[in-house]
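Asker: Next input, structure requested:
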Amino acid sequence: MNGKEIAELIAFMEVARSQSFRRAASRLGMSPSAVSHTIRSLETWLGVRVLSRTTRSVSLTQAGERLLERVAPAISDIRQAVHESAAFQTSPQGKIRINLPRIAAQLVLVPRLQAFLERYPRIEVDLVIDDTLTDIVSQGFDAGIRSGERLQQEMVARQLTPALNMAVVGAPSYFARRSPPEVPADLHAHVCINYRWSDSNALYAWTFQEGDRRFDLQVRHALTLNDTSLIVAAVLEGTGLAYLPQNHLQAYFDSGELVRVLSSWTPSIPGFYLYYPHREHMPSALRAFVDFMTVPVDQPLSHTQ
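Answerer: Predicted coordinates:
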């Protein structure tokens with residue numbers, strides 16, 4: 001069934017309900033002659049008369065009664081479906097799936113989720129914690145969050161946080177047994193805990209900066225993990241030193257549970273970005289999420305304010 005045939009059925013319904021070509025024409029925004037032509041076209045298509053018309057009245061034939069009985073509910077369902085689809089744009093609703101690493105969830109999203117869900121109670125957020133560089137399109141995600149170092153190509157990217165300052169950290173109990181390193185090379189004599197990327201099996205590089213020169217240091221990895229929360233837990237237990245975003249650890253610095261060392265040597269890395277494929281018509285739920293979560297890059301992160 002094409003658009004012309006659907007338009008003819010709608011015109012038929014209006015004439016049948018109003019029992020007048022003139023009143024139906026007014027509701028449809030057409031001329032009476034155009035409505036009459038449309039009904040003739042419908043009857044030609046069906047091969048049967050659906051309306052009996054005289055100079056004074058319009059009534060349904062038996063075939064017309066049967067057609068109206070079957071078509072009216074279907075057209076009503078179509079109109080309701082269109083209305084509900086349009087409502088997704090005017091009142092954000094639906095489900096959005098976001099792929100992101102654990103540290104981004106803890107640092108960026110979790111502190112703001114309550115406010116977002118209260119503002120948009122008809123949106124369901126499905127967060128999938130994933131430290132690998134997943135293809136969000138092929139895996140059915142609406143968007144992803146990653147460090148600016150690991151963004152997928154050909155994506156729309158919106159910055160969520162300022163640059164992240166890296167830090168070498170340890171617990172006071174660890175430094176009670178060992179002297180703090182004064183230069184990066186001193187790390188060779190320390191127990192280090194490192195992060196390994198699950199997708200590439202590569203170790204996260206401990207990068208340092210001296211003036212304008214950046215360099216990676218191969219430290220001795222006594223313990224390797226692929227979960228930043230477990231790394232933090234191990235550091236808090238005094239197991240060794242770790243190289244992590246300072247922003248993620250501010251509460252531990254404030255409480256004295258962690259100590260930062262080599263602060264003049266550690267650089268910053270690009271902050272977290274929300275990224276998603278380019279879409280001509282973005283779902284309203286995703287648009288609301290993007291607009292809500294995107295903050296000015298110079299605004300402090302929520303839990304450090």
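
Asker: I'd say A34 and R22 touch.
Answerer: No - if you go by Cβ atoms under 8 Å, A34 and R22 don't touch, sitting 11.7 Å apart. Bear in mind the C-beta positions are built from the backbone N, C-alpha and C, glycine included.

Asker: For I269, give me phi and psi.
Answerer: The phi/psi pair for I269 (degrees, to the nearest 10) reads phi -120, psi 160.

Asker: Show me what it is bridged to.
Answerer: L164 (DSSP bridges).

Asker: just checking, it touches S147?
Answerer: Yes - in this structure, I269 is within contact of S147 by Cβ under 8 Å, at 6.3 Å.

Asker: neighbour count winner among those two?
Answerer: Higher neighbour count among I269 and S147: S147, with 18 against 14, using other Cβ atoms under 10 Å.

Asker: Distance of the more buried one relative to A16?
Answerer: 63 Å (Cβ to Cβ, to the nearest Å).

Asker: Show me what counts as buried in stretch 274-287.
Answerer: Within stretch 274-287, the residues scored as buried using 16 or more other Cβ atoms under 10 Å are L274, Y275, Y276, M282, P283, S284, A285, L286.

Asker: which residues in the stretch 151-300 of the chain form strands?
Answerer: Here the stretch 151-300 of the chain has its strands, by DSSP state E, counting those that start in this stretch, at 156-159, 164-170, 192-195, 206-210, 213-217, 221-225, 241-245, 259-261, 268-269, 272-276.

Asker: To I78, which of these lies closest?
Answerer: strand 272-276 (30.3 Å; Cβ to Cβ).

Asker: hmm, who's touching that closest one?
Answerer: 104, 107-108, 136, 142-148, 151-152, 155-161, 164, 282, 286, 290, 293-294 (Cβ atoms under 8 Å, 6 or more residues apart in numbering).

Asker: Could you list the paired strands of it along with their orientation?
Answerer: Paired with strand 272-276 in the same sheet, following DSSP bridges, are strand 143-147 (antiparallel), strand 156-159 (antiparallel).

Asker: Reformat those into CSV and put mean pLDDT and distance to A115 next to each item.
Answerer: As requested, those are exported to CSV (pLDDT from 0 to 100; distance: least, Cβ to Cβ, whole Å):
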stretch, mean pLDDT, distance to A115
strand 143-147, 88, 17
strand 156-159, 87, 18
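
Asker: so which of these comes closest to W265?
Answerer: Of the strands paired with strand 272-276, nearest to W265 by Cβ to Cβ is strand 143-147, at 20.1 Å.

Asker: Mind checking what secondary structure V71 has?
Answerer: Of the three states, V71 takes helix according to DSSP: H, G, I helix; E, B strand; the rest coil.

Asker: quick one: low-confidence ranges for the stretch 51-200 of the chain?
Answerer: 79, 81-90, 150, 152-153, 199 (pLDDT under 70).

Asker: how does it look with 50?
Answerer: Across the stretch 51-200 of the chain, nothing is flagged by pLDDT under 50.

Asker: list the contacts for the closest residue to A167 other than its chain neighbours?
Answerer: The spatially closest residue to A167, leaving aside those adjacent along the chain, is Q246, at 4.0 Å (Cβ to Cβ, 6 or more residues apart in numbering). Each residue near Q246 by Cβ under 8 Å, 6+ apart is listed here: L164, N165, M166, A167, F253, R260, T266.
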